[in-house]
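K.L.:
when you get a sec, could you give me coordinates for this:
(one chain, ligands or ions: 1)
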Amino acid sequence: MSDLIRKSVQAMAGYVPGEQPKGEDIVKLNTNENPYLPSADVQDILSMIDVAVLSRYPDPVCIELRKAIAELHGCEVENVFVGNGSDEVLALCIRAFVERDGSVGFFDPSYSLYSVLADIEDVEKKPVVLGPAFQWQMPDDYASSLFFLTNPNAPTSMQFSKANVGAFVKDFKGVVLVDEAYADFAAENCMDLALQHDNVLVARTLSKAYSLAGIRLGYCVGNADLIGAMYKIKDSYNVNYLTQEVARVAILDQDTMKANVQAIVETRKITAEKLSELGFEVAESQSNFLWVKPLDFSAKGLFEELRKKNIVVRYFGNDELTKDYLRITIGTAPEMFKFLDVVEELMRDA
Ligand code: PMP
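P.N.:
As a prediction, this is how the structure comes out:
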């Protein structure tokens, strides 16, 4: 059987997304989703869609949606690529910009999918280990043709300064994809670098700040030639009709997105303060999650105890760099108070 499968695929462990448990009493803080409702315009557009349109293929190049995104960022439609989640955007970057004998750089730790995507395409990986407190580390290998730079970084929640990112992209010869999945929760972002430098793409998603993980819509902005290359190789109809419509109205309603982001940022502050009081080391988050190190409890032990109480957070397993940490998505204030109560109780009983 195995000789039917590419050797590189046989060797892969595969990407393991966070679990998606269902159930009323589960507090789900493990996959960085948004606990609030998306724009009310989403419900309206879904009620108004005539199902007859669904018998036809959607616009393969998503013009109306790209117009809305271009307007938001002050660029042209030719500067915008939209994909089936930003995961598809990332995958297409490797296929468009990395030769078979080329390599992909990324920070370690950062988004674990990059390594999987490199394995799928069977290209070399060049991880750059971050500083001891997960801080910026200028990559010293400039030979890769693509660098995935997560900012704010995941799972560490912290933001690299625009000055550092700007200095790096100026010297790096290949394409830098700045993955800004969490930028809406951050104090600054690098979108203007995508419009100033020919080798920079900035990726965003509607899965986090817009409360629309279920529609699968991500995009990137950058030089029209790079965007054009991605359009050459994408699937014919990579973004379905319903997603195009829902994403367009959600992007037009910036007020709802910003109000939800503000609520999450406030809850993030309260949660971080309380965890620090309880003796956790808490990274300075610029995202919708916290990266924490419990000091009187093992991270794995706490993860397991929380799971028994129906609170699901993310533990990344035995990797040396991340084994002492948990990643905790910011939910609603009541969810976070419940989480904090249980943590306090577990600490008391420990
Ligand atoms: N980039 C980062 C850094 C992420 O954490 C995620 C979410 N897992 C993604 C991209 C993927 O987002 P999307 O839902 O748009 O595929």
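
K.L.:
for the residue nearest the centre of the chain, give me the pLDDT.
P.N.:
Nearest to the geometric centre of the chain sits Ala181, at 3.9 Å (CA atoms, centre = their mean). What the model reports for Ala181 is a pLDDT of 98.

K.L.:
quick check, it in contact with Asp87.
P.N.:
No - Ala181 is beyond contact range of Asp87, at 9.8 Å (criterion: CB atoms under 8 Å). Every C-beta, even on glycine, is put in place using the N, C-alpha and C of the backbone.

K.L.:
about what we covered before: and the closest residue to the residue nearest to the centre of the chain other than its chain neighbours, bridged to which residues?
P.N.:
With sequence-adjacent residues excluded and distances taken as CB to CB, 6 or more residues apart in numbering, Ala181 is closest to Thr205, at 4.8 Å. Following DSSP bridges, Thr205 is listed with bridge partners Gly218.

K.L.:
identify the contacts common to Ala181 and Asp87.
P.N.:
Contact criterion CB atoms under 8 Å, 6 or more residues apart in numbering; residues shared by Ala181 and Asp87: Gly218.

K.L.:
buried set for stretch 190-207?
P.N.:
190-191, 193-195, 197, 199-207 (16 or more other CB atoms under 10 Å).

K.L.:
ok so, going back, how about the contacts made by the residue nearest to the centre of the chain?
P.N.:
Ser86, Tyr111, Thr150, Ala154, Ala203, Arg204, Thr205, Ser207, Lys208, Gly218.

K.L.:
ok, so of the residues you listed, who is nearest Pro139?
P.N.:
Thr150 (13.2 Å; CB to CB).

K.L.:
so after the lowest-mean-pLDDT helix or strand in the chain, what's the next helix or strand?
P.N.:
None of the helices or strands of the chain scores lower by mean pLDDT, DSSP states H and E than helix 7-10, at a mean of 89. Going down the chain from helix 7-10, the next helix or strand is strand 27-28, by DSSP states H and E.

K.L.:
and the protein, which of its residues are near the ligand?
P.N.:
Gly85, Ser86, Asp87, Tyr111, Thr150, Ala154, Asp179, Ala181, Thr205, Ser207, Ala213, Gly218 (CB under 6 Å from any ligand atom).

K.L.:
narrow the residues you listed to those in strands?
P.N.:
Thr150, Asp179, Thr205, Gly218 (DSSP state E).

K.L.:
highest neighbour count among these?
P.N.:
Taking other CB atoms under 10 Å as the neighbour criterion, Asp179 ranks highest of those with 29 neighbours.

K.L.:
ok, and the closest non-adjacent residue to that one?
P.N.:
Thr150 (4.5 Å).

K.L.:
for the one you found, give me the pLDDT.
P.N.:
Taking Thr150 on its own, its pLDDT is 98.

K.L.:
could you pull out the strands for the stretch 201-350 of the chain?
P.N.:
For the stretch 201-350 of the chain, the strands defined by DSSP state E, counting those that start in this stretch occupy 218-222, 280-282, 289-294, 311-312, 326-329.

K.L.:
could you dump the residues of the chain next to the ligand to CSV with distance to Phe303?
P.N.:
Below are the residues of the chain next to the ligand laid out as CSV (distance: CB to CB, whole Å):
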residue, distance to Phe303
Gly85, 26
Ser86, 26
Asp87, 24
Tyr111, 20
Thr150, 22
Ala154, 17
Asp179, 25
Ala181, 23
Thr205, 25
Ser207, 23
Ala213, 22
Gly218, 28
